[in-house]
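Enquirer: sequence first, then the predicted structure, then my questions.
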Amino acid sequence: MRPETKRDARSGMRDGALPFPTHVARVLRRIIGAPDYQAYLEHCRSAGHAPTLGEREYVARFFEAKGKGTRCC
C-alpha cells in the first residue's frame, strides 16, 4: 500500500462536508445576500452555545440589520 501524502489526506471529504447541492445553495445565498439559518445554527454549535433565535427571529433580525452599515454609494 502506498503511503498517504498530505495532499491525499486533504482531498477527501471531511466529516462535516456538505453535499454538493447544499453547498451550491449556501454559496448562492451568500452571493445574493440572503439569510442562511442553517449556517447560523452551525456557527452556534461550533461556538459551543445554544442558538438564541428561532428561524423567524433570525430572518427578521437579518433584514432589520441589512443596510444599516456604512455604504460608499
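Expert: Done, it's in. Numbers count the residues shown, from 1 in each chain.
Enquirer: check which helix or strand the residue nearest the centre of the chain maps to.
Expert: Geometric centre of the chain, nearest residue: residue 39, 3.5 Å, by C-alpha atoms, centre = their mean. Following DSSP states H and E, one finds residue 39 within helix 37-47.
Enquirer: residue 63 now?
Expert: Assigned by DSSP H and E, residue 63 falls in helix 55-65.
Enquirer: from the contact counts, what lies against that helix?
Expert: Other elements packing on helix 55-65 under the criterion 3 or more C-beta pairs under 8 Å, 6 or more residues apart in numbering; DSSP states H and E are helix 37-47. In short, each C-beta sits where N, CA and C put it, glycine included.
Enquirer: relative to the whole chain's centre, how far out is the helix it packs on?
Expert: 7 Å (C-alpha atoms, centre = their mean, to the nearest Å).
Enquirer: number the residues from 45 up from this point.
Expert: Yep, numbering from 45; the last one is helix 81-91 now.
Enquirer: got the contact list for that helix?
Expert: 70, 94-95, 97, 99, 102-103 (C-beta atoms under 8 Å, 6 or more residues apart in numbering).
Enquirer: buried residues in that helix, which are they?
Expert: 81, 84 (16 or more other C-beta atoms under 10 Å).
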